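Peer 1: The sequence isn't on hand, but the structure is:
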């Protein structure tokens, strides 16, 4: 993606994104981050080295499509996902300034920073060249940060920095106390040429009468992205890069926010709202990469019904069937606030149920792209969050 | 420990050990590693920079106490554990040569290398200065190695390198096919001065009439080390360093190898044999450290009986009551060969049961040293092995 912005078609492109997610502690006078003027965000994005391509304004968040990935703005949460050689973390001090000055949000409740291992670490800039430097940079800003290298140090891995809330938890954002916070990512490499050819539009694409957005909408329908979630619950914004590459953001109604009180995939009957998914594709052979990320809670065991939110197994299979990766890593983050005694129940934990669903989705040979074998399975319990991590390889 | 060997009493000493464990694939003509002459091992240990202090010869293994930790020799398995600034990994090529030339054991079935994060990484030598270099060194020897950073990159963590057996698994050592392989480690720092004072013998200790071994045996009894396991099942070899520090190896009869067919802590009724534990203590304030390692399978749920092998919870509490650490990490490695479908049973896994036992042992305030809070909980599934990792801190 974004090959038209800062790299020539023949330079390798770093698809794997840097993902920064910040939750702010509400304050009595706060105005929420969605009221911050767009030009203020654009000044911050200029530091990071990316630009806004388009935006969709939902009922609960604004979803910006960027020249390098995506930016989601909710009243008390920001998600900045940027690929290539962007300087994601250099935007963080400005984000904290903006939140304080423009939204009266002076304190961070939790911050997460994560990324997959790079294809080309030597091409990165600033603190992003080495995990050690990224951790030092974040430790300079936060007091309660913990950094993890998840998976093989000498192979595919995923890096995570997570801060703990200060001991005064009374000012936690609503979402932390009343809702399950849930994020699934599917990070795919070595995509099948059969899958990537759809994302190569050729050098003349810019001269076409069809807009990059329109071309991407058509492609989204053709290859099944539009049907990952029920279309009547989905608002999709997509962009086709020239000569190749693809990005999309989608806003999703789920649970009691969906028409007809669509049953949520997980959580209580009272849950629901507006979530997102975001997809970014770098199709070039040699560094092909696709990412899928979604924050709508998914069921671990639900039987798939065509008109409802898919369960984990169904969704993973749909995504993998589109991109047909040779290797992939899956991460599932799920909040466990107020649920620290769940371990005592001796039932299957949410992360263990997700691990089972990942394996069921990928190790069956009935699927289009073939069967996978699992090469890593790791479960973490952080204070307030549980994480499932798994890696798979296509069987030879 | 070992302060009399290569550091002055005022230099900081690196207690955390480098731990190398190698399982060799049996070959038709192999003579087993216990028949290798002692001087051959001593030449290898000279490369590593340590010396033999004493040895106990058991029915299934030889346990060497070293100037820097321990060395265990079984027919198809070697365990080399060395602390300080020893060059543990530089012994590996020589070990492979010795196994091939002196025991007709040309191929490694599995190799494990692990260590805790150092207090003083800048004092290390050769490949041991950085994890990255240790991994490169091992990748130069093994083709199927996976390296993991377990726990917080920017805090206490534990490093692990593990090789996968080659696809020809027909030549696995007996222990891998018929027995559960089980290793628990308790790595403790910030020991209470109340606990460490027993391990400081003073500068005149060398001139005492009591030998270092005799003094260490007396201490082992006084502080409860001799009672960690039933004394009638234990053969203890201990050493008191001058001016301070302590090491011990113990051989343990368990299961059907114990008199009266002592019920094993875990595994089937047919299991049993000779296991070990090993303890090493660096008592100096500022870098105090104690390690406990044991390969006797322990029950997760068994009620403690004074005359039997303790369950996990009882053992962890006994060890922690002796050393009263401010922080500790626990690791449990358990083989899962032929048991890969255990996950399907939806029962509690062995690692999850161990995690529960760790927490039960440490978070109760009824214990002598006070209550701990858990700061990390991570479960790994490798092919053929599962790992539980947990870290705890003493509550303020």
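Peer 2: Now that the structure is in, tell me what you want to look at. On a predicted model such as this, the values are computed, not experimentally measured, just so you know.
Peer 1: which element is residue A:114 on?
Peer 2: strand A:108-116 (DSSP states H and E).
Peer 1: check contacts around the closest residue to chain B within the stretch 151-300 of chain A.
Peer 2: Closest residue of the stretch 151-300 of chain A to chain B, Cβ to the nearest Cβ: residue A:153 (4.1 Å). In short, each C-beta sits where N, CA and C put it, glycine included. Going by Cβ atoms under 8 Å, 6 or more residues apart in numbering or on different chains, residue A:153 touches B:131-132, B:135, B:147-149.
Peer 1: Which pair of the residues you listed spans the longest distance?
Peer 2: B:132 and B:148 (13.1 Å; Cβ to Cβ).
Peer 1: More neighbours: these two, which one.
Peer 2: Legend: neighbour count by other Cβ atoms under 10 Å in any protein chain shown for residue B:132 and residue B:148, higher for residue B:148 (29 against 13).
Peer 1: Could you point out which of the contacts of residue A:153 is nearest to residue A:190?
Peer 2: In terms of Cβ to Cβ, no member of the contacts of residue A:153 lies closer to residue A:190 than residue B:147, at 21.2 Å.
Peer 1: confidence score at the closest one?
Peer 2: On the pLDDT scale, residue B:147 is placed at 98.
Peer 1: if I read this right, it contacts residue B:160, doesn't it?
Peer 2: Yes. Using Cβ atoms under 8 Å, residue B:147 is in contact with residue B:160, at 7.2 Å.
Peer 1: Report the set of residues contacting both of the two.
Peer 2: The contact sets of residue B:147 and residue B:160 do not overlap (Cβ under 8 Å, 6+ apart).
Peer 1: Can you list the residue ranges for strands in the stretch 201-350 of chain A?
Peer 2: Remark: strands assigned in the stretch 201-350 of chain A by DSSP state E, counting those that start in this stretch are A:234-240, A:246-255, A:272-282, A:289-294, A:325-335.
Peer 1: nearest to residue B:32, of those?
Peer 2: Counting by Cβ to Cβ, residue B:32 lies closest to strand A:325-335 out of these; the figure is 40.7 Å.
Peer 1: just checking, what packs against that closest one?
Peer 2: Helices and strands touching strand A:325-335, by 3 or more Cβ pairs under 8 Å, 6 or more residues apart in numbering or on different chains; DSSP states H and E, are strand A:108-116, strand A:182-191, helix A:312-323, helix A:350-362, strand A:385-394.
Peer 1: Would you mind giving the domain segments of chain A?
Peer 2: Listed domain ranges for chain A are A:18-163, A:182-394 (source: the TED database).
Peer 1: Out of the ones you listed, which gets the lowest mean score?
Peer 2: Mean pLDDT across the domains of chain A is lowest at domain A:182-394; the value there is a mean of 88.
Peer 1: Can you measure across it, start residue to end residue?
Peer 2: Terminal residues of domain A:182-394 are spaced 27 Å apart (Cα to Cα, to the nearest Å).
Peer 1: how far does it sit from the chain's center?
Peer 2: Domain A:182-394 has its C-alpha centroid displaced from the chain centroid by 9 Å (Cα atoms, centre = their mean, to the nearest Å).
Peer 1: Mind checking which of the contacts of residue A:153 are in strands?
Peer 2: B:147-149 (DSSP state E).
Peer 1: ok, stretch A:312-319 near chain B or not?
Peer 2: No. On the criterion Cβ under 8 Å from any Cβ of the partner chain, stretch A:312-319 is out of touch with chain B, staying 15.0 Å away.
Peer 1: who in the stretch 1-150 of chain A is up against chain B?
Peer 2: Within the stretch 1-150 of chain A, the residues that sit near chain B (Cβ under 8 Å from any Cβ) are A:131-132, A:135, A:139, A:145-149.
Peer 1: Name the nearest of those relative to residue B:30.
Peer 2: Comparing the residues of the stretch 1-150 of chain A next to chain B against residue B:30 with Cβ to Cβ places residue A:149 closest, at 37.9 Å.
Peer 1: follow-up on the earlier one: JSON lines for the strands of the stretch 201-350 of chain A, including mean neighbour count?
Peer 2: JSON lines is the format used below for these (neighbours: other Cβ atoms under 10 Å in any protein chain shown):
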{"stretch": "strand A:234-240", "mean neighbour count": "22"}
{"stretch": "strand A:246-255", "mean neighbour count": "25"}
{"stretch": "strand A:272-282", "mean neighbour count": "24"}
{"stretch": "strand A:289-294", "mean neighbour count": "25"}
{"stretch": "strand A:325-335", "mean neighbour count": "22"}
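Peer 1: between the ones you listed, which one is nearest to residue B:285?
Peer 2: Smallest distance to residue B:285 across the strands of the stretch 201-350 of chain A (Cβ to Cβ): 40.0 Å, for strand A:325-335.
Peer 1: Paired strands for the closest one, with orientation please.
Peer 2: strand A:182-191 (antiparallel), strand A:385-394 (antiparallel) (DSSP bridges).
Peer 1: Residue A:220: what's it in contact with?
Peer 2: If you count contacts by Cβ under 8 Å, 6+ apart, residue A:220 has them with A:226, A:236, A:238, A:248.
Peer 1: Wait, the third one touches residue A:221, no?
Peer 2: No. In this structure residue A:238 lies outside contact range of residue A:221 using Cβ under 8 Å: 9.8 Å.
Peer 1: Ramachandran angles for residue A:120?
Peer 2: phi -130, psi 70 (degrees, to the nearest 10).
Peer 1: Excluding sequence neighbours, find me the nearest residue to residue A:144.
Peer 2: Once flanking residues are discounted, residue A:144 sits nearest to residue A:164: 4.2 Å by Cβ to Cβ, 6 or more residues apart in numbering or on different chains.
Peer 1: Enumerate every residue touching the one you found.
Peer 2: By Cβ under 8 Å, 6+ apart, the contact set of residue A:164 is A:110, A:144, A:146, A:382-384.
Peer 1: Likewise for residue A:113?
Peer 2: Per Cβ under 8 Å, 6+ apart, neighbours of residue A:113: A:18-21, A:89, A:134, A:138, A:160-161.
Peer 1: Grab the two from these that are most spread out in space.
Peer 2: Spatially, the most separated pair among those is A:21 and A:134, at 14.8 Å (Cβ to Cβ).
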